[in-house]
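> quick one: sequence and predicted model below, then my questions.
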Amino acid sequence: GQSLEQPSEVTAVEGAIVQINCTYQTSGFYGLSWYQQHDGGAPTFLSYNALDGLEETGRFSSFLSRSDSYGYLLLQELQMKDSASYFCAVRDGFNKFYFGSGTKLNVKP
Amino acid sequence: DTGVSQNPRHKITKRGQNVTFRCDPISEHNRLYWYRQTLGQGPEFLTYFQNEAQLEKSRLLSDRFSAERPKGSFSTLEIQRTEQGDSAMYLCASSLRGGSGRTYNEQFFGPGTRLTVL
């Protein structure tokens, strides 16, 4: 089966750095993605890692360690608009995507 | 607007009725996914199409659910004999097969259809 674990909620202040972890157990692994979803909105793609290491896209970075079945999303210079839920998702060998339950990020002034 | 669109945005129905939702993906995208999302959870995979072919279907999906993508463009998801447990947000996403890395894995989600079964 597939399972993904991520913290349910994280709180940080504006301007700070926050890391959201994701551990996974899957029967096939072809990459880890991250999505952002604001309340009432649709998920939007943030990043993707297929290989070990760090991928950087502006204020957001994503890391993957396949040997540890672990990844994280790093958000820098937090802004109020970053308050949202963040989901990690794994793609299996059949092109199906499995999402975690999400981490609600609260950014405070 | 060149994004993914879904209709209707909201649907309220009585238990036992049939409902159908429509998804129009981004025009050049050949992969189309359906997900279900309940409050506080991540999207749950239901099924996906590559062009008009339905390639995978969740084993959790009962026979009351069926999806089509007749010409490889828009898709419909039908739920027969709805139950209160079907109340959820139904999301459609599309992506472009081909290339590698981000292009292959980036899904564009529509705004969803919120279903309420009374």
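Received it, and whenever you're ready, just let me know what you need.
> the chain: strands as residue ranges?
All of this refers to chain A. Remark: strands assigned in chain A by DSSP state E are A:3-5, A:9-13, A:18-25, A:32-37, A:44-49, A:53-57, A:60-65, A:70-75, A:84-91, A:97-99, A:103-108.
> that's the wrong chain, I meant chain B
With DSSP E as the criterion, chain B has strands at B:5-7, B:10-13, B:19-24, B:31-37, B:44-50, B:53-57, B:65-68, B:75-79, B:88-95, B:108-109, B:113-117.
> looking at the ones you listed, which is nearest to A:T44?
strand B:108-109 (7.1 Å; C-beta to C-beta). To be clear about C-beta, it is placed using only N, CA and C from the backbone, and glycine gets the same treatment.
> strands paired with that closest one, and their directions?
strand B:88-95 (antiparallel) (DSSP bridges).
> residue of chain B closest to chain A, please.
B:G42 (3.2 Å; C-beta to the nearest C-beta).
> count of neighbours near that residue?
24 (other C-beta atoms under 10 Å in any protein chain shown).
> same check, this time on A:G40
9.
> before we move on, back to that, measure the residue of chain B closest to chain A to A:M80 for me?
23 Å (C-beta to C-beta, to the nearest Å).
> of the strands of chain A, which is nearest B:T76?
strand A:97-99 (20.8 Å).
> quick one: mean pLDDT for that closest one?
Averaged over strand A:97-99, pLDDT sits at 94.
> my guess is B:L118 contacts B:R15. True?
Yes. Contact criterion C-beta atoms under 8 Å: B:L118 and B:R15 qualify, at 6.6 Å.
> neighbour count: those two, which is higher?
Neighbour count, other C-beta under 10 Å: between B:L118 and B:R15, B:R15 has more, with 13 against 10.
> tell me the contacts of A:E77?
A:15, A:17, A:59 (C-beta atoms under 8 Å, 6 or more residues apart in numbering or on different chains).
> mind pulling up the pLDDT for the second one?
This means A:I17. pLDDT, read off for A:I17, is 97.
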